[in-house]
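**Student:** Pasted the sequence and its predicted model underneath.
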Amino acid sequence: MLPSAQEVEVVILNALGRGDWAKATVLLTGAVMLRCVPTVRAYAEVMAATARHSTWEHTIRIIDFFGTSPLSVRTLLCTAADALLEKPNQCAAGKLFAIIFAAQRRHVHLEAHHRVQCGQLLVDAGDWRRTLMLGAQGQLIRRVPALVPSMMLAAATANRWVEGSIVMSEMLASGSVPSGEVAGNFIRCFTPSGPWWRALAVVSVLTCSGEANVVDAAHELFTKVKQDGKQIARAAKERQQATLDLVSGRKVLEEISAEEGMAVLNELKEHQWEKALEVIRLFPPLLNLTPRPKAVLSPVAAHKTDDGFFHHWEFVWRALSSRFSNSPAEYVFDAATSFASYLLHGDSGKEGHPVPAHVRELAGQRVCCSITSHLGRGTTALSGILLHPFVRAACACGWWKDALVISKRPVVVFKELLNEGPWQAALAVFAGMTPNSQDRVCSMLEHLLISKRLWVAALHYAKQCLPTDTVPVRGLLIPLCVALGQWRRALHILDHYVSNPTRAETLLRKRCIVQSTEEDICTACDAGDWAKALRVWTSVYPSRSKRKSPAPKGDETQCEISCHVVMRLSKLLLDNKHFDACCVVLSEHIPSLSDCILLRCLQLFRSIRLSPLSYGKILQQHRECYKVHRILFDCYAALALCVSGNFAGAFSILQELTSLQYGKFKICNAVSHGIDEVPHLKWYVSLVLANVVDPSRAMELQVVMISLASCMKSPDDVNLFNQPLLSMWVSNTEELRSCAFHVSVAVLRHALAQGLPPPWEVLNIVAHRLDCPSGHTLTCLLYEAAVRRSEFDAQGNGDSGEGWRAQNPPHMSEDAQRVFERCAKAFGRGGLWEHALASLQRCESVDAQVLLRVVEFAKELRERRSVVAQCV
């Protein structure tokens, strides 16, 4: 049975009464470990005794151990501080200072009087360093301005101008006026090496600036600054002279220091590179000075000697390696590290030439041979302090194989390659490690594979390192396959290695099925194989007749193919005129905000196909929601009505489109572009127009057909209006015949403007109305169009004209004969005998007497023109 809190308190107080505070601490610690909750008084008495009699380190540890007590950490710290201040002694100042800074590190705020009294104790003890540290926090100075003289004296004694500046700034911020003694000590805080002018600037604005103490301190500081300046100038002059002696050869280089060697390198000119090599041979780190001295040339700088051309890096390595025989390993590796850094940053030289890869490789071979030869002479074991800088520089330079041979520490090389080298090299080094070494760095390798997104390499690593149990397979291999996009492999693992899948793995299996299905559908769509794409889709979505019950909405196991794949499959089926299959595919897709415009158009096509007679409401909804894409939605709605046989509805949509084109918004060629975007709609336009031919709608037909003439953009489109035009032309009503004529004229003008061959049916209709008031202009246009058509037929251009040639019967020459004869008659009526003669020459059979009369008239006309020209 555990003791009660009161029993623990009695035992602890008895121990403290005997003066055995250590036993009381042990008793309280044991009670806490027994899960007994001592009283607050027990905690407070033990903390007070520990603070008075123990060291500050032990006091802080006890406070941290009792952090879970009913007392808060702040209460524990305040209890310890109050115990020290109750009976202060020589050690109380240090303990209290430690407790205050422990509270600051733990973000605990003690009482203000604790800091004030601690500062007073430190000043009394003469501990200037801790006094300044405590005063730098600002709280002590603002609350006790009387301590400022002591703190400023401490800063002046230690020449700590930073702390002195803090004390002065805090004093001025509190509104206190410094005395002459404080101002003088503030000046004495500064030395010639510090910002002494700041002290003079601050003191110059104080009311005490004219006191004797302040003036004497300022004179002392000026004297020190002048003496220090003279000493600096004298030392600089001596260094300059020593450098000149070394450069001119009056002093031996072997006797210089590293600082003197750096000065010599900076003084040498570019042509003195050989003397620079002597300095570098003594101090290899000087090879990488920044900025680079002029005498340290670029690694790829060329030198011509009696033996041929050599690069500068060869001379550098020759100078460094000449001391290897009589030098310790420290110099060898220091020289190799500096040389590798020199090659690595070779493009930062004056010439700006980068070091080629093959040059680095050759240099690495030489470095490796020299170091291996030096190590073969019985060198002692190498420490990590020597090897790590060399391995780092070698890996950065691409010498990781040489670093591996020299250091024989694959773990070190592997760690450096993670930061500097290529990841392929890191994998190669990891493969050559022992199993124990691989276990030490396997987490680093996994971090590399994940950070670099090397999923293939991570997958191979997982296959090699994973045991046969399924727990690691689930934890690493399956996520890697998913991250890599290998859905079939992930599905295979789930089916064959996971016997009891979790809910997440079940959902992942469905996702793998959907992803693999999407890949197959996209592949089939890219190849244009609609049958294969539909077969793959059917494997995921069986026909409705085979389902036992409909899938509930929101079912997590239900497969949902992405909207992009649904759009591609339905568009492919629509292109191949499989309209029913297209609607079935679209019926399985649930519309969402992420659907693209084309998919929304296809959804509208399906909706209108389901109700082709009551399409107005849903079409109006889409028009209001997608005003920018209204033309595209109207075109798909027209296609759906055409496929469903509602030609009247399709014609009403075409009427609305043409009203948009001729309305106040003036949509230029948007209608023709929209019709081009919708597959098969242009072919259905001809059927729509032919099925609505009626005398009462003649004017409406004329407006729609003239506006749709811009849809003719290629030779395959010239027969777009042939069927409705012929239906109107053979009718017995003048309204339809007039409509056919005006539409034919518009088609003729559009074909000539676009460089297209107009069909003979259109030319024949125009040829029958050449006696109209504008017959002269139409005759010229008709003749030009007939000539172009004849030339196009004569070329036999089957590539571009295969579509319209298939509809033309073999009596094409009769159509041309009829058109050219009517052109000749129209030209003759207008007195254009030369044009009439040209038209008759295009005909295959002409009446001889007619031809003779036309020739005579044309000859007579030419003679009259000749006589008139001579008279003029």
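**Tutor:** Structure received. This one's a predicted model, so the numbers in the text were calculated from it and none came from an experiment.
**Student:** Can you show me the helices along the stretch 551-700 of the chain?
**Tutor:** 563-575, 579-587, 597-610, 616-625, 630-644, 647-661, 670-677, 681-691, 698-707 (DSSP state H, counting those that start in this stretch).
**Student:** now for those helices, which one comes closest to residue 815?
**Tutor:** When the helices of the stretch 551-700 of the chain are compared by Cβ to Cβ, helix 681-691 sits nearest residue 815, at 19.7 Å. Any C-beta I mention is one placed from the backbone N, CA and C, and that applies to glycine too.
**Student:** Return the set of buried residues in that closest one.
**Tutor:** Across helix 681-691, burial judged by 16 or more other Cβ atoms under 10 Å covers 681-682, 684-686, 688-691.
**Student:** any idea how far the closest residue to residue 450 other than its chain neighbours is from residue 655?
**Tutor:** Excluding the flanking residues, the one nearest residue 450 by Cβ to Cβ, 6 or more residues apart in numbering is residue 458, at 7.1 Å. Distance of residue 458 to residue 655, given as Cβ to Cβ, to the nearest Å: 62 Å.
**Student:** Look at the two and report which has more neighbours.
**Tutor:** Between residue 458 and residue 655, counting by other Cβ atoms under 10 Å, residue 458 is the more crowded of the two (22 against 17).
**Student:** how close does that one get to residue 478?
**Tutor:** Taking Cβ to Cβ, one finds residue 458 at 12 Å from residue 478.
**Student:** So for stretch 837-849, mean pLDDT?
**Tutor:** Average pLDDT, stretch 837-849: 67.
**Student:** Which residue ranges of this structure form strands?
**Tutor:** For the chain, strands defined by DSSP state E occupy the ranges 302-305, 308-311.
**Student:** Tell me which helix or strand in this protein has the weakest average pLDDT.
**Tutor:** Least confident element among the helices and strands of the chain, by mean pLDDT, DSSP states H and E: helix 798-805 (a mean of 41).
**Student:** just to revisit the earlier point, just the helices of the stretch 551-700 of the chain: most buried one?
**Tutor:** Of the helices of the stretch 551-700 of the chain, the one with the most neighbours on average (mean count of other Cβ atoms under 10 Å) is helix 630-644, at a mean of 24.
**Student:** What helices and strands are in contact with it?
**Tutor:** Packing partners of helix 630-644 (3 or more Cβ pairs under 8 Å, 6 or more residues apart in numbering; DSSP states H and E): helix 597-610, helix 616-625, helix 647-661, helix 670-677, helix 681-691.
**Student:** Report the rounded mean pLDDT for that helix.
**Tutor:** For helix 630-644, the mean pLDDT works out to 91.
**Student:** next one: stretch 203-222
**Tutor:** For stretch 203-222, mean pLDDT rounds to 87.
**Student:** gap between that stretch and the chain center?
**Tutor:** Chain-centre distance of stretch 203-222: 61 Å, with Cα atoms, centre = their mean, to the nearest Å.
**Student:** can you list the residues that contact that stretch?
**Tutor:** With contacts defined as Cβ atoms under 8 Å, 6 or more residues apart in numbering, stretch 203-222 is touched by 177-181, 183-188, 190, 196, 199-200.
**Student:** Nearest to residue 498 among the residues you listed?
**Tutor:** For these, the residue nearest residue 498 by Cβ to Cβ is residue 190; the value is 75.3 Å.
**Student:** picking up where we left off before, from the contacts of stretch 203-222, which two are the most distant?
**Tutor:** The largest separation in the contacts of stretch 203-222, counting by Cβ to Cβ, is between 177 and 196 at 23.0 Å.
**Student:** how close does the residue nearest to residue 450 sit to residue 437?
**Tutor:** Residue 458 sits 19 Å away from residue 437, going by Cβ to Cβ.
**Student:** In JSON lines, list the helices of the stretch 551-700 of the chain along with distance to residue 86.
**Tutor:** Converted to JSON lines, the helices of the stretch 551-700 of the chain look like this (distance: least, Cβ to Cβ, whole Å):
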{"stretch": "helix 563-575", "distance to residue 86": "78"}
{"stretch": "helix 579-587", "distance to residue 86": "87"}
{"stretch": "helix 597-610", "distance to residue 86": "83"}
{"stretch": "helix 616-625", "distance to residue 86": "82"}
{"stretch": "helix 630-644", "distance to residue 86": "89"}
{"stretch": "helix 647-661", "distance to residue 86": "96"}
{"stretch": "helix 670-677", "distance to residue 86": "93"}
{"stretch": "helix 681-691", "distance to residue 86": "99"}
{"stretch": "helix 698-707", "distance to residue 86": "104"}
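**Student:** quick one, domains of the protein?
**Tutor:** Domains of the chain are assigned by automatic domain parsing as 5-178, 384-467.
**Student:** Select, out of the ones you listed, the one closest to residue 577.
**Tutor:** Among the domains of the chain, domain 384-467 sits nearest to residue 577 (Cβ to Cβ), with 42.1 Å.
**Student:** any idea how far that closest one is from the chain center?
**Tutor:** 27 Å.
**Student:** Rounded mean pLDDT for it, please.
**Tutor:** 80.
**Student:** And for stretch 314-328?
**Tutor:** Stretch 314-328 comes out at a mean pLDDT of 82.
**Student:** end-to-end on it?
**Tutor:** The straight-line separation of the ends of stretch 314-328 (Cα to Cα, to the nearest Å) is 22 Å.
**Student:** Could I get the buried residue list for it?
**Tutor:** Under the neighbour-count criterion of 16+ other Cβ under 10 Å, stretch 314-328 has 315-317, 319-321, 324 buried.
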